[in-house]
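**Student:** sequence plus the predicted model coming up.
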2 protein chains.
Amino acid sequence: MLRRTSSEEIRRELAARIIAGTLAPGTVLDESQIAADFTVSRTPVREALRQLGASGLVEQRAHARAIVAQPGEDKLRGMFEVMGDLEALCAGKAALAMDRNERAALDALHIEMAAIVRDGDAGGYAEANDAFHGAIYDGAHNDYLAEITRATRQRLSPFRRAQFGALGRLGRSHAEHGAIVDAILQGDGEAAMQAMRAHIAIVETAYQDLARS
Amino acid sequence: MLRRTSSEEIRRELAARIIAGTLAPGTVLDESQIAADFTVSRTPVREALRQLGASGLVEQRAHARAIVAQPGEDKLRGMFEVMGDLEALCAGKAALAMDRNERAALDALHIEMAAIVRDGDAGGYAEANDAFHGAIYDGAHNDYLAEITRATRQRLSPFRRAQFGALGRLGRSHAEHGAIVDAILQGDGEAAMQAMRAHIAIVETAYQDLARS
DNA sequence: GATGATTTGTACGTATGTATA
DNA sequence: ATATACATACGTACAAATCAT
């Protein structure tokens, strides 16, 4: 959007920290402090915070300090539910819209991930998993759908940490991916939606376990 | 979000004008001019524009003037497609989640709209139509879904003008609403999704007619 | 609940990059 | 294509509201 400006760099960096969990939900975001950290005035910091507020990563009230967004239980539950619906939509459309190269790339990535599972590399799997889902978002050939799906994923990411920590979850995730890939390669949109929905349900369960701990 | 501040008032007002079509897509938004119009300095204007940029109503490039968002044909087509999917999702969930009062209110509104159709009051129908769809968004009992559906509707509204202008479209819209209401009242989520999808397809057709003129 | 300290909100000036002749 | 005019990006100062004691 805005490149090569302080406010854009600050926005990107703060967003990255929120998504990565370095800035936990509820953390106070002090304009002056952030300005000092980045060695700039408060002006670009304020503009970055406004953008983050509009995109939902930050909560702002008039005259009060901003905090990293911390949606309540109900809102979070709703967001996870919608995340599943959006992913299923992407998968369904991707099954119909992907071209030969995209299908081949998705299949190849899925096969590569089998090796990662064998090594039990949870970090590597998490990264490849992002690429896998991203390939499906893009494969739907609908920029707006990909945009809101990624935005939802970003807003949820602070609450999905350690989803691949538990042993055995890697293997189950990869098996679910297999069903999704099969449906997409066969061009069966309905099956792809169903397989993706089942896959995402596992992730949500993982969150609920986390929330109760 | 931010109440009782200049930047918030300016944001609301600019958003309203963009949604209403007073500020057409592609219109240049000059900070100094807007500041003069609202009798404030450029600072709150800049912050309002940042928020509008993040929410997609305005396009911004570094060091260049902002313009009212004007998505290309492809993006617009994708947005209309997703709008249908989101509305269908809302309808499907509403069929399962609405309580007695909500179902009764939706039914009552639909009956009121029959009278508006008889009078041929296109403006009144447009207004009631917003309420009708809004009731379904809320009826899904998922705040996040309602939020992104309304945001999508807002971003599309500059491109949906005059959809009820053509005679006969009012009657057809109302008949489609009837199928949606029936499915929701019966608690049939699948039927509600299908009925909503068919209804929205009409709107998209109306847009495509418009785009070619 | 009141009050002082802190933080946000707005105005304005200058520098830098963009757009137009 | 170059230069001039112009709009945006950022810094600083002060007013107004919050928060912490």
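**Tutor:** Yep, it's here.

**Student:** okay, which residue is most central for chain A?
**Tutor:** Centroid-nearest residue in chain A, with C-alpha atoms, centre = their mean: A:Arg153, separated by 2.8 Å.

**Student:** contacting residues for the residue lying closest to it once chain neighbours are set aside?
**Tutor:** Nearest non-adjacent residue to A:Arg153, counting by C-beta to C-beta, 6 or more residues apart in numbering or on different chains: A:Met83, 6.7 Å away. From N, CA and C alone the C-beta is placed, and that goes for glycine too. Counting by C-beta atoms under 8 Å, 6 or more residues apart in numbering or on different chains, A:Met83 makes contact with A:Thr149, A:Thr152, A:Arg153, A:Leu156, A:Ile200.

**Student:** who wins for neighbours among those residues?
**Tutor:** Among those, A:Thr149 has the most neighbours (other C-beta atoms under 10 Å in any protein chain shown), with 24 neighbours.

**Student:** so who does that one touch?
**Tutor:** Contacts of A:Thr149 by C-beta under 8 Å, 6+ apart are A:Met83, A:Leu86, A:Glu87, A:Leu89, A:Cys90, A:Tyr137.

**Student:** about what we covered before: narrow the contacts of A:Met83 to those in helices?
**Tutor:** A:Thr149, A:Thr152, A:Arg153, A:Leu156, A:Ile200 (DSSP state H).

**Student:** so where do the strands sit in chain A?
**Tutor:** If DSSP state E is used as the criterion, the strands of chain A fall at A:28-29, A:58-59, A:66-68.

**Student:** could you dump those strands to a markdown table with mean neighbour count, distance to chain B and mean pLDDT?
**Tutor:** Compiled in a markdown table, those are given as follows (neighbours: other C-beta atoms under 10 Å in any protein chain shown; distance: least, C-beta to the nearest C-beta, whole Å; pLDDT from 0 to 100):
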| stretch | mean neighbour count | distance to chain B | mean pLDDT |
| --- | --- | --- | --- |
| strand A:28-29 | 16 | 14 | 98 |
| strand A:58-59 | 20 | 8 | 98 |
| strand A:66-68 | 20 | 10 | 98 |
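
**Student:** rebuild those as TSV, extending it with distance to B:Gly124.
**Tutor:** Output for those, formatted as TSV (distance: least, C-beta to C-beta, whole Å):
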stretch	distance to B:Gly124
strand A:28-29	45
strand A:58-59	38
strand A:66-68	42
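
**Student:** out of these, which is closest to B:His177?
**Tutor:** Taking C-beta to C-beta, strand A:58-59 is the member of the strands of chain A nearest to B:His177, at 36.4 Å.

**Student:** mind listing residues that contact that closest one?
**Tutor:** A:Leu14, A:Ile18, A:Leu29, A:Leu49, A:Leu52, A:Gly53, A:Ala66, A:Ile67, A:Val68, A:Ala69, A:Gln70.

**Student:** check contacts around the nearest residue to the third one once chain neighbours are set aside.
**Tutor:** Yep, that's A:Leu29 we're talking about. Nearest non-adjacent residue to A:Leu29, counting by C-beta to C-beta, 6+ apart: A:Ala66, 4.4 Å away. Residues counted as contacts of A:Ala66 (C-beta under 8 Å, 6+ apart) are A:Val28, A:Leu29, A:Glu31, A:Leu49, A:Leu52, A:Gly53, A:Val58, A:Glu59, A:Gln60.

**Student:** repeat for A:Arg197
**Tutor:** Taking C-beta under 8 Å, 6+ apart, one finds A:Gly84, A:Asp85, A:Glu87, A:Ala88 in contact with A:Arg197.

**Student:** and the furthest pair within the residues you listed?
**Tutor:** A:Asp85 and A:Glu87 (7.4 Å).

**Student:** enumerate the residues of chain A near chain B.
**Tutor:** A:1-5, A:7-8, A:46-47, A:50-55, A:60-63, A:74-75, A:78-79, A:81-82, A:85, A:89, A:142-145, A:148, A:152 (C-beta under 8 Å from any C-beta of the partner chain).

**Student:** go back to the residues you listed and keep what's next to DNA strand D.
**Tutor:** Within the set of the residues of chain A next to chain B, contact with DNA strand D (C-beta under 7 Å from any atom of the strand) is found for A:Leu2, A:Thr5, A:Ser7, A:Glu47, A:Arg61, A:Ala62, A:His63.

**Student:** before we move on, back to that, I'd like the contacts of A:Ala66 laid out as TSV, including distance to DNA strand C.
**Tutor:** Output for the contacts of A:Ala66, formatted as TSV (distance: C-beta to the nearest atom of the strand, whole Å):
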residue	distance to DNA strand C
A:Val28	8
A:Leu29	7
A:Glu31	3
A:Leu49	8
A:Leu52	13
A:Gly53	10
A:Val58	11
A:Glu59	12
A:Gln60	7
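
**Student:** now, which of those residues sits nearest B:Ala24?
**Tutor:** The closest of the contacts of A:Ala66 to B:Ala24 turns out to be A:Gly53 (C-beta to C-beta; 26.8 Å).

**Student:** any idea how many residues pack against the closest one?
**Tutor:** Quick note: A:Gly53 (other C-beta under 10 Å) scores 22 neighbours.
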